[in-house]
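[1] Requesting a structural model of the entry that follows:
(one chain, ligands or ions: 1)
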Amino acid sequence: MAQASLKPGVVTGADYLTLVKACKDGKYALPAVNVVSTGTINAVMEAAAKNRADVIIQLSNGGAEFYAGKGCPDSFQAKVLGAVSAARHVHLLAAQYGVCVVLHTDHANKKLIPWVEAMLDHGEAFYKETGKPLFSSHMLDLSEEDINFNLSECARLLRRMNKMGMSIEIELGVTGGEEDGVGSDDIDNAKLYTQPEDVLKAYEALLPLGHFSIAASFGNVHGVYKPGNVKLRPDILKNSQDLVQKTHKTAANPLDLVFHGGSGSEKDKIAESLNYGIFKMNIDTDTQFAFSEAVGKFVEANPKAFKYQIDPDDGTPYKKLYDPRKWLRLGEEGIVTRLNEAYADLRSAGKSLSACAGDKAKCA
Ligand SMILES: [Zn+2]
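    Residues are numbered from 1 along each chain as shown. Sure, this is the predicted structure:
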């Protein structure tokens with residue numbers, strides 16, 4: 001099978017659809033990694049290049065706010081401009097890593113619809129300037145609202161986004177746990193599993209308007225919990241795919257599905273989900289821990305360097321150890337190592353569609 005060859009850098013529009021299709025046809029998925037800073041973004045692109053693979057970089061509203069600075073006085077503007085700034089950083093640098101990068105935002109509930117709309121204002125200005133949208137896709141999570149409201153709002157925003165070749169990710173059913181204040185702990189169990197009838201309804205409402213993906217709930221939970229608390233049932237995904245396929249006489253796996261709460265998930269369940277149209281798996285908690293664990297080990301091994309500039313007993317200078325570049329780099333390397341594992345789990349290592357497949361020299 002001839003592999004499509006895309007220009008390295010941010011992929012949007014038809015190129016994004018090519019990437020999604022390659023994943024589903026090849027039964028592999030891309031990690032969608034939450035980032036909060038230039039360093040974490042660079043670590044994700046480094047991991048992609050090292051794995052000769054493509055990647056999805058995404059920001060939650062809280063991650064975007066942190067990117068702009070927690071001291072930025074206007075919290076709403078920080079959420080908007082932090083996302084815009086991060087996206088521009090990726091547009092500038094992604095091609096240097098020789099891979100294809102999808103730019104995404106994470107959960108936006110009803111209260112955060114104005115956040116998405118403000119990012120679209122900036123996205124439309126960017127589109128006028130460059131002919132490309134700023135983001136490949138935004139997510140709208142109205143799964144806690146009535147399904148009719150959920151779908152009509154998603155349709156309204158997809159119409160606007162489709163004009164720039166953008167895609168939308170929607171959520172049906174509720175992912176357990178909490179992420180940046182979006183999510184819920186006390187929901188009834190049936191809602192933890194997406195209903196195939198709802199998926200069919202979404203398919204029929206959105207297919208004529210543009211490209212969409214669906215975060216379907218199959219027992220997945222944000223964060224990492226004690227074993228036994230999470231009962232992943234990938235067959236739920238299959239039921240939705242089968243209903244749409246049967247009703248609309250499509251090919252197998254007509255839906256483009258997203259796996260939320262990938263951190264801490266059982267490896268065999270991840271592998272099984274790849275058979276049912278999952279092309280994107282969100283990962284945040286595990287890469288957060290990988291970053292912090294590496295920094296923590298270093299601080300533990302060099303406690304004096306984090307207390308004194310010069311050793312009070314023997315005068316040793318500690319500049320080389322407390323220089324933030326030293327320990328921030330270890331955090332970045334922690335992310336890279338954890339993503340090597342994710343690429344293996346998702347079977348996407350070595351599958352970059354970029355013309356230089358993670359090797360910039362090949363594109364020169
Ligand atoms: Zn999520």
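[2] right, and the helix or strand after the lowest-mean-pLDDT helix or strand in the chain?
    None of the helices or strands of the chain scores lower by mean pLDDT, DSSP states H and E than strand 182-184, at a mean of 56. The element immediately downstream of strand 182-184 (helix or strand, assigned by DSSP states H and E) is helix 196-206.
[3] buried stuff in that following helix?
    Going by neighbour count (16 or more other CB atoms under 10 Å), the buried part of helix 196-206 is 196, 198, 199, 200, 201, 202, 203, 205, 206. C-beta coordinates here come from the backbone N, C-alpha and C atoms, glycine included.
[4] mind checking how far stretch 113-121 is from the chain centre?
    The chain centre lies 18 Å from the centre of stretch 113-121; the measure is CA atoms, centre = their mean, to the nearest Å.
[5] Going by neighbour count, list what's buried in the helix ranked longest in the chain.
    Criterion DSSP state H: the longest helix present in the chain is helix 324-345. Residues of helix 324-345 classed as buried by neighbour count (16+ other CB under 10 Å): 327-336, 338-339, 342-343, 345.
[6] next one: stretch 274-283
    Using 16+ other CB under 10 Å as the test for burial, stretch 274-283 gives 274, 276, 277, 278, 279, 280, 281, 282, 283.
[7] mind listing what the residue lying closest to the second one once chain neighbours are set aside touches?
    Taking CB to CB, 6 or more residues apart in numbering, and ignoring the residues beside it in sequence, residue 276 has residue 237 as its nearest neighbour in space, at 3.9 Å. Residue 237 makes contacts with 216, 218, 257, 273, 276, 277, 278, as judged by CB atoms under 8 Å, 6 or more residues apart in numbering.
[8] what about the stretch 151-300 of the chain, any weak spots by pLDDT?
    176-191, 226-230 (pLDDT under 70).
[9] Which of the three states applies to residue 58?
    When classified by DSSP: H, G, I helix; E, B strand; the rest coil, residue 58 comes out as strand.
[10] I'd say it and residue 30 touch.
    No. In this structure, residue 58 is not within contact of residue 30 by CB atoms under 8 Å, at 10.9 Å.
[11] And residue 277, how far from residue 120?
    Look at residue 277 and residue 120: by CB to CB, to the nearest Å, they are 27 Å apart.
[12] Pull out the buried positions in the host helix or strand of residue 243.
    Following DSSP H and E, one finds residue 243 within helix 235-248. Neighbour counts over helix 235-248 (16+ other CB under 10 Å) mark 236, 237, 238, 239, 240, 241, 243, 244 as buried.
[13] got the contact list for residue 166?
    Counting by CB under 8 Å, 6+ apart, residue 166 touches 12, 13, 123, 133, 135, 136, 137, 138, 210.
[14] Strands of this structure, start to end?
    For the chain, applying DSSP state E gives strands covering 9-10, 30-34, 55-59, 100-105, 137-140, 167-172, 177-179, 182-184, 212-216, 257-259, 278-283.
[15] Who are the packing partners of the last one?
    For strand 278-283, the contact count by 3 or more CB pairs under 8 Å, 6 or more residues apart in numbering; DSSP states H and E identifies helix 13-26, strand 30-34, strand 257-259, helix 324-345 as packing neighbours.
[16] Let's see that with 10 Å instead.
    If you count contacts as 3 or more CB pairs under 10 Å, 6 or more residues apart in numbering; DSSP states H and E, strand 278-283 packs onto helix 13-26, strand 30-34, strand 55-59, strand 100-105, strand 212-216, strand 257-259, helix 267-273, helix 324-345.
[17] average pLDDT across the first one?
    Mean pLDDT, helix 13-26: 98.
[18] Sort out which residues of that helix are buried, please.
    Applying a neighbour-count criterion of 16+ other CB under 10 Å, the buried positions in helix 13-26 are 13, 15, 16, 18, 19, 20, 22, 23, 24.
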